[in-house]
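**Q** coordinates for the following, if possible.
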Amino acid sequence: MTLSMHRLSVPVFVRGLRVLSNLLDKAEAHCEANGIAPEVLVNARLAPDMLPLSAQVQRVSDTSKNALGRLTGAGAPSFPDTETTFAELKARVERTIAYLETIREIDMQGSETREIKLTVGKLEVNFIGANYLLEFALPNFYFHVTTAYNILRHNGVAIGKRDYLDPSA
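**A** The predicted model follows:
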């Protein structure tokens, strides 16, 4: 059995976004149950030089939708980074999932060899599609999902490994 670029990307990204959505639900419930202003968690960071939870969610969204846009060659929708509430963050996650679910297997044919050029800071990086997905996009996606999880866990939200591994937890 061969694995297609579609199988390696769309369902993987959608699953991670659903995990993130569930984590946001648990964070919001934690705030309500403990009298914490939601903006405290939305703006929480693991370290002073790291992005806050809101930006982690935005990066998860951007990484997944932009990866598919680059791999299909069709571009991706642009979402402004203006979310300041759990409801807005969850809506962004849902918009991202909705976009990803429009990508069909046929849309990704040949994407494993598509040239992908990125500018990271002042550095231009060149990939072929398969390497871009497996060595850059997926690791970056999971970095930000994991960082969002860690911010919430660090701030007392009752989540564990199952919440990270099971999107229905």
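**Q** going forward, measure contacts between C-alpha atoms and count neighbours the same way
**A** OK.
**Q** show the average pLDDT along the strand or helix carrying Leu138.
**A** Here Leu138, judged by DSSP states H and E, is contained in helix 138-154. The average pLDDT within helix 138-154 is 98.
**Q** and what of stretch 105-115?
**A** 97.
**Q** can you list contacts of it?
**A** Residues outside stretch 105-115 that contact it (Cα atoms under 8 Å, 6 or more residues apart in numbering): 4-6, 71-72, 126-131.
**Q** one step back: hey, C-alpha coordinates of the helix holding Leu138 in PDB?
**A** Extracted in PDB, the C-alpha atoms of helix 138-154 (Å, rounded to 0.1, in the frame of the first residue of the first chain):
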ATOM      1  CA  LEU A 138       4.200  18.600   9.900                       C
ATOM      2  CA  PRO A 139       6.900  19.200  12.500                       C
ATOM      3  CA  ASN A 140       6.000  22.900  12.600                       C
ATOM      4  CA  PHE A 141       2.300  22.000  12.900                       C
ATOM      5  CA  TYR A 142       2.900  19.600  15.800                       C
ATOM      6  CA  PHE A 143       5.300  22.000  17.500                       C
ATOM      7  CA  HIS A 144       2.500  24.600  17.800                       C
ATOM      8  CA  VAL A 145      -0.200  22.100  18.800                       C
ATOM      9  CA  THR A 146       2.100  20.700  21.500                       C
ATOM     10  CA  THR A 147       3.000  24.200  22.700                       C
ATOM     11  CA  ALA A 148      -0.700  25.100  23.000                       C
ATOM     12  CA  TYR A 149      -1.200  21.900  25.000                       C
ATOM     13  CA  ASN A 150       1.800  22.800  27.200                       C
ATOM     14  CA  ILE A 151       0.600  26.300  27.800                       C
ATOM     15  CA  LEU A 152      -2.800  25.000  29.000                       C
ATOM     16  CA  ARG A 153      -1.300  22.200  31.100                       C
ATOM     17  CA  HIS A 154       1.200  24.600  32.700                       C
END
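**Q** now for it, which elements pack on it?
**A** The contact analysis (3 or more Cα pairs under 8 Å, 6 or more residues apart in numbering; DSSP states H and E) places helix 138-154 against helix 5-34, helix 53-72.
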